[in-house]
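Asker: From the sequence below, what's the structure:
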Amino acid sequence: MHPARHGRPRLVAKTLFLCVCQNWYCYGKTVAEREAWEAAAARGVDLVVVNPVLVQGPALQPAVNASLTHVLKYLDGSAKTYANAVQAYVHVHDTAAAHVLVFEAPAAAGRYLCVADGAVLHREDVVTILRKFFPEYPIPSRCSDSVNPRKQPYKMSNKRLRELGLEFTPVAQCLYDTVVSFQEKGILPAPPASAQPAMKEIN
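Answerer: Just a heads-up that it's a prediction; the model follows:
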């Protein structure tokens, strides 16, 4: 029985769903937040949660973490195909700003989804954006799944953070800034300056 089809919130079965799919990373995040809410309630702590989706943009650390590998593999030749899957994205600067906003806003309460506008993309859309701005890299053009229908993006709302005044960075800019960061850190070879698209051309 699918809980969403019988009037019950989808979150009721979220942890079970993640276990069945063996999505242990997301399962760990879900359980950690649940424990935080229970601990806050028991101690009378005023807890506010910001839940960012996959964070992209300039990296502070010299090494490539799991979130950045998500994009890097489509640029360095390690991924020969792209997956039939969807993912939501948000800029690291917006993620930081969201935490400051909810900390400083007296009326902030509950959970805030931190996701860029229209940022739930199929992998084909991701590689298309990357290829548009960085055609010099071996970006895959073929999906690894030639049998099943294309996965459809789901919907997420960033309304609560926008109501606090946060203006989200477009997803194309998120991906662009990620790649430029790779180039600046020497993780990817940089193209000639004349071949680099100007920031204003992104939108």
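
Asker: make it CA atoms for all contacts and neighbour counts henceforth
Answerer: Fine.

Asker: Beyond the lowest-mean-pLDDT helix or strand in the chain, next helix or strand please.
Answerer: Across the helices and strands of the chain, mean pLDDT, DSSP states H and E gives its lowest value to helix 14-20, namely a mean of 52. Counting by DSSP states H and E, the next helix or strand C-terminal to helix 14-20 is helix 24-43.

Asker: Show me what that following helix is packed against.
Answerer: Under the contact criterion of 3 or more C-alpha pairs under 8 Å, 6 or more residues apart in numbering; DSSP states H and E, helix 24-43 touches helix 14-20.

Asker: In contact with Met156, which residues?
Answerer: 113, 115, 120 (C-alpha atoms under 8 Å, 6 or more residues apart in numbering).

Asker: and of those, the nearest to Arg150?
Answerer: Distance to Arg150, by C-alpha to C-alpha, is smallest for Val120 among the contacts of Met156, at 13.8 Å.

Asker: what's the closest non-adjacent residue to the closest one?
Answerer: Ala88 (4.0 Å; C-alpha to C-alpha, 6 or more residues apart in numbering).

Asker: Okay, the nearest residue to Gly77 once chain neighbours are set aside and Gln87: tell me how far apart.
Answerer: Spatially, and ignoring its direct neighbours in sequence, Gly77 is nearest to Pro138 (5.5 Å; C-alpha to C-alpha, 6+ apart). Separation of Pro138 from Gln87 (C-alpha to C-alpha, to the nearest Å) stands at 21 Å.
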